[in-house]
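S.K.: Need a 3D model of the sequence below.
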Amino acid sequence: MVEYRCFDCNKKVSLDYLRKKIRCPYCGSRILFKPRTTITKVKAR
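M.R.: Residues are numbered from 1 along each chain as shown. Below is the predicted model:
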């Protein structure tokens with residue numbers, strides 16, 4: 001499942017809400033982003 005966060009207040013914004021409006025329902029910001037997962041680096045032998 002895709003998760004979006006607000007850039008200003010850092011709260012989760014549901015995908016269902018984004019289909020209606022592209023704004024944060026908490027603070028009204030228009031800047032949303034998808035957080036990246038943490039990458040684990042493994043050294044080769």
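S.K.: Roughly how far does the residue nearest to residue 7 when sequence neighbours are not counted sit from residue 8?
M.R.: Leaving aside its chain neighbours, residue 7 sits nearest to residue 31 (3.9 Å; criterion: CB to CB, 6 or more residues apart in numbering). Quick note: C-beta positions are derived from backbone N, CA and C, even for glycine. To residue 8, residue 31 is 7 Å away according to CB to CB, to the nearest Å.
S.K.: neighbour-wise, which of the two wins?
M.R.: residue 8 (14 against 11; other CB atoms under 10 Å).
S.K.: Next up, the contacts around that one.
M.R.: Applying CB atoms under 8 Å, 6 or more residues apart in numbering to residue 8 gives the contacts 24, 27, 29, 31.
S.K.: Also residue 7?
M.R.: Contact analysis of residue 7 by CB under 8 Å, 6+ apart lists 29, 31, 32, 33.
S.K.: Return stretch 17-27 as PDB; C-alpha atoms alone will do.
M.R.: The C-alpha trace of stretch 17-27 is given here as PDB (Å, rounded to 0.1, in the frame of the first residue of the first chain):
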ATOM      1  CA  TYR A  17      -8.500  11.500   0.700                       C
ATOM      2  CA  LEU A  18      -6.000  12.300  -2.000                       C
ATOM      3  CA  ARG A  19      -8.400  11.200  -4.700                       C
ATOM      4  CA  LYS A  20     -10.700  14.100  -3.700                       C
ATOM      5  CA  LYS A  21      -8.100  16.900  -2.900                       C
ATOM      6  CA  ILE A  22      -4.300  17.200  -3.100                       C
ATOM      7  CA  ARG A  23      -3.900  18.900   0.300                       C
ATOM      8  CA  CYS A  24      -3.000  17.800   3.800                       C
ATOM      9  CA  PRO A  25      -6.300  17.500   5.800                       C
ATOM     10  CA  TYR A  26      -4.500  18.500   9.000                       C
ATOM     11  CA  CYS A  27      -2.500  21.700   8.000                       C
END
